[in-house]
Every structure is written in C-alpha cells, then in structure tokens.
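Trainee: What follows is a predicted protein model with its sequence.
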Amino acid sequence: MVYIFLAEGFEAIETITPLDMLIRAGVEVNTISISDEFLVKSSQGIPVEADDLFENTDFSDAEMFILPGGQPGSTNLGKHKGLEALLREAMEKNLPVAAICAAPTVLGKHGLLKGRKATCYPGCEGELKGAEYTGAFVQKDGNLITACGPAAAVEFSKAIISLLCGDEVTASVCEKMQFGRA
C-alpha cells in the first residue's frame with residue numbers, strides 16, 4: 001500500500017497526479033488526513049476527502065509514503081509528531097519515501113536527508129538539512145524521490161511508478177495517458 005498524506009493547504013496537483021497515475025499502474029493507494037477531519041482543503045481551496053485519518057491507520061503494509069507540497073500543507077506535515085516518527089522509521093528501514101515542492105523540507109527538518117541528494121521548491125533549499133541540494137526537476141537517491149514543484153508532478157509520479165513497478169509499467173501508463181504525442 002502507498003500512503004499519500006494530506007494536510008490543510010496541500011498542493012492539489014502534487015497529490016492528485018501521483019494518486020491518479022499510481023492507480024493507473026495498478027498500485028493500491030490510500031490518502032491519509034493528518035488532522036481529525038476526512039475533508040482536507042488544498043492551498044487552492046479544493047476539498048479532497050481522505051480515505052482515512054492518520055490516527056486510525058495501521059501502516060504495517062506500507063510500500064511507500066508520499067508527501068505533497070504546498071503551503072501551509074508542508075508546514076502542517078512537518079508539525080505532526082506521529083508522521084515524523086513514521087517517516088523516521090521508514091527511512092531507517094529503507095522504505096521508499098517521496099516528497100515534492102516544499103515537502104522535502106519536512107524530511108530536512110527532522111534530519112532525514114543527511115548525506116542524500118535532494119531537490120525542492122526554489123527558496124526552500126536552506127531547510128534541507130544535511131542534504132546535497134541538486135536543484136534537479138526530479139531527484140532520485142536510492143529509496144528517496146524528491147521534486148521541485150507543481151510542474152514536476154508528472155515526472156515525480158513517473159519516478160515513483162518506476163521505483164515501485166519498473167520501467168515497463170511506467171511506459172505503459174504513459175502510453176495510455178498519451179504522453180509523447182506531438
């Protein structure tokens with residue numbers, strides 16, 4: 001199971017694009033609200049109903065955790081103690097983690113990027129404590145995938161699918177979605 005975490009003020013495209021593309025790849029995905037409400041609003045005011053609440057979820061079947069960016073969504077993710085502990089355990093166990101836009105700062109804030117290559121939204125790089133900031137559109141470093149912002153949502157999603165399912169599945173999803181047409 002892949003878990004995407006929703007915090008008030010998340011970036012919509014950075015949430016819906018991976019969710020959509022992972023489902024097309026046949027990956028089971030759950031969206032998890034870190035608040036006590038199922039309905040979470042994006043930074044654009046778009047309401048999204050989460051599949052479950054953090055406090056009700058057993059993450060023992062996790063294959064990957066995804067952190068969408070946006071503000072104040074990323075800040076809100078960074079304040080959640082339960083999520084911090086979950087991410088710390090995931091990184092220690094080498095479980096894949098993906099973060100886009102300002103969300104890599106959540107990992108940096110908690111010291112989870114030490115010695116890793118990472119990228120993020122321009123201007124947030126100072127918060128990637130211990131990371132080698134690359135400035136890449138999408139950066140993969142082992143089990144860690146980071147991306148720079150909303151425009152990278154598709155490439156971020158493709159990198160996630162490639163890591164979880166392989167390049168053939170990624171190519172199939174992209175073909176069915178009509179990527180590469182002139």
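Mentor: Now that the structure is in, tell me what you want to look at.
Trainee: Is my assumption valid that residue 84 occupies a position in a strand?
Mentor: No. Under DSSP: H, G, I helix; E, B strand; the rest coil, residue 84 falls outside any strand and is assigned helix.
Trainee: I figured it was touching residue 110, is that so?
Mentor: Yes. Applying Cβ atoms under 8 Å as the test, residue 84 and residue 110 come out as touching, 5.3 Å apart. Glycine gets a C-beta too; all of them are placed from N, C-alpha and C.
Trainee: what residues are shared contacts of those two?
Mentor: Residues touching both residue 84 and residue 110 (Cβ atoms under 8 Å, 6 or more residues apart in numbering) are residue 78.
Trainee: Next one: residue 85 from residue 59, what distance?
Mentor: Separation of residue 85 from residue 59 (Cβ to Cβ, to the nearest Å) stands at 10 Å.
Trainee: Of the two, which one has the most company?
Mentor: The residue with more neighbours, out of residue 85 and residue 59, is residue 59; 16 against 11, by other Cβ atoms under 10 Å.
Trainee: Skipping adjacent residues, who's closest to that one in space?
Mentor: residue 86 (6.1 Å; Cβ to Cβ, 6 or more residues apart in numbering).
Trainee: Verify the stated contact: that neighbour with residue 57.
Mentor: No. Checked against Cβ under 8 Å, the pair residue 86 and residue 57 is beyond contact range at 9.5 Å.
Trainee: tally of neighbours for residue 55?
Mentor: Residue 55: 11 surrounding residues under other Cβ under 10 Å.
Trainee: who touches it in this structure?
Mentor: Contact analysis of residue 55 by Cβ under 8 Å, 6+ apart lists 36, 82.
Trainee: what comes into contact with the host helix or strand of residue 75?
Mentor: Using DSSP states H and E, residue 75 sits within helix 73-79. With contact meaning Cβ under 8 Å, 6+ apart, helix 73-79 is reached by 5-11, 34, 42-43, 67, 83-84, 101-103, 105-106, 109-110.
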